[in-house]
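1. Just a sequence and a predicted model for now, questions to come.
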Amino acid sequence: MDSKQKILVVDDELKIVEVLKSYLENSGYKVFCCSGGKQALNMFNTLKPDLLILDLMLPDVSGEEICQEIRKISRAPIIMLTAKSQEDDMLTGLDLGADDYITKPFSPRELMGRVRAVLRRYQENTGLIADLLSFKDGYLEIDNTSHQVKVNGQVVSITPNEYKILLTLCKNPNRVFAREELVVSAFGYDYDGQDRAIDTHVKNLRQKIERDSKHPQIILTVHGVGYRFGGA
């Protein structure tokens with residue numbers, strides 16, 4: 001059985017694909033490549049890769065759409081490639097479920113570092129936590145298999161990044177996370193404006209899971225520091 005981790009590279013720029021394929025294969029990964037969105041979805045379903053490197057600007061289906069479709073069936077890590085550099089585009093990519101985000105032009109060595117980091121975090125977070133977590137006498141339930149969150153027995157709709165934040169906090173109930181630490185632990189992504197991003201995610205998450213979002217009991221603010229889990 002081939003023990004190499006599988007990586008699917010999706011980009012319509014041949015030179016980028018060739019460079020990435022060369023670097024990844026030299027690092028011991030098994031690499032598959034394609035240039036279109038529809039083909040990418042088919043290959044993902046067939047290959048079930050360990051990581052997807054996904055360009056946002058594709059000729060048929062956008063990278064954002066592909067990310068959304070994949071997140072319906074898989075938690076495999078996704079690194080987005082794009083020429084977009086505005087903060088809002090970065091936040092949109094992360095909200096759709098991307099694990100990291102790098103803008104073109106980029107250093108192949110930098111991307112390789114991100115590939116290793118994303119895969120390491122994914123492996124650390126897989127299989128090390130119970131399938132079903134329950135807090136506040138069953139008020140809050142987190143199903144780590146289906147990635148569903150229930151409040152009072154009802155499924156609530158949360159974004160992939162909100163799920164990552166919640167899971168990161170509940171896995172470390174005694175730890176106070178500074179905002180930058182929470183970004184790295186939950187997303188593995190570092191960019192300007194991370195404080196605002198985390199605060200926005202937490203605000204939205206509180207509105208969905210707290211009995212009273214103005215007086216939270218599950219995600220607690222530690223003034224001057226960051227956040228900690230209070231749901232145990």
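-> Sure thing, it's come through.
2. Sketch out the strands for this structure, chain order is fine.
-> 6-10, 30-34, 51-55, 78-82, 100-103, 132-135, 140-143, 148-151, 154-156, 177-178, 219-222, 226-229 (DSSP state E).
3. right, so of these, which gets closest to residue 120?
-> For residue 120, the closest of the strands of the chain is strand 51-55, at 11.1 Å, according to Cβ to Cβ. Every C-beta, even on glycine, is put in place using the N, C-alpha and C of the backbone.
4. in its sheet, what does the closest one sit against?
-> strand 6-10 (parallel), strand 78-82 (parallel) (DSSP bridges).
5. re the thing from before, can you list the strands of the chain in CSV and add distance to residue 63, mean neighbour count and mean pLDDT?
-> Below are these laid out as CSV (distance: least, Cβ to Cβ, whole Å; neighbours: other Cβ atoms under 10 Å; pLDDT from 0 to 100):
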stretch, distance to residue 63, mean neighbour count, mean pLDDT
strand 6-10, 8, 23, 96
strand 30-34, 13, 18, 96
strand 51-55, 5, 25, 94
strand 78-82, 6, 24, 89
strand 100-103, 11, 19, 85
strand 132-135, 32, 16, 84
strand 140-143, 28, 20, 90
strand 148-151, 25, 18, 91
strand 154-156, 27, 12, 92
strand 177-178, 29, 18, 84
strand 219-222, 30, 15, 93
strand 226-229, 30, 20, 91
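6. So, low pLDDT: which residues of the protein?
-> For the chain, residues meeting the criterion pLDDT under 70 lie at 1-3, 84-91, 93, 124-130, 187-196, 232.
7. Find the residue at the geometric middle of it.
-> Central residue of the chain (Cα atoms, centre = their mean): residue 99, 3.2 Å from the mean position.
8. Apart from its chain neighbours, what residue comes closest to that residue?
-> residue 77 (4.3 Å; Cβ to Cβ, 6 or more residues apart in numbering).
9. just to revisit the earlier point, format the strands of the chain as TSV; extra columns: distance to residue 116.
-> What follows is those, written out as TSV (distance: least, Cβ to Cβ, whole Å):
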stretch	distance to residue 116
strand 6-10	11
strand 30-34	15
strand 51-55	10
strand 78-82	11
strand 100-103	11
strand 132-135	28
strand 140-143	28
strand 148-151	30
strand 154-156	34
strand 177-178	23
strand 219-222	30
strand 226-229	26
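10. how about the ones you listed, which one is nearest residue 61?
-> strand 6-10 (10.0 Å).
11. Residue 30 versus the residue nearest to the centre of the chain, what's the distance?
-> 19 Å (Cβ to Cβ, to the nearest Å).
12. what angle do the lengthiest helix in the chain and strand 51-55 make?
-> Scanning the chain for the helix with the most residues, using DSSP state H, yields helix 108-125. Calculated by axes from the mean of the first three to the mean of the last three Cα atoms, to 10 degrees, helix 108-125 forms an angle of 140 degrees with strand 51-55.
13. close enough to count as contact, residue 134 and residue 141?
-> Yes: using Cβ atoms under 8 Å, residue 134 is in contact with residue 141, at 5.1 Å.
14. for this protein, what spans make up the helices?
-> Under DSSP H, the chain gives helices at 14-26, 37-47, 63-71, 87-95, 108-125, 160-171, 179-186, 194-209.
15. Which of these has the highest mean neighbour count?
-> With neighbours taken as mean count of other Cβ atoms under 10 Å, the helices of the chain reach their highest mean count in helix 160-171, at a mean of 22.
16. which helices and strands sit right next to it?
-> Judged by 3 or more Cβ pairs under 8 Å, 6 or more residues apart in numbering; DSSP states H and E, the packing partners of helix 160-171 are helix 87-95, strand 140-143, helix 179-186, helix 194-209, strand 226-229.
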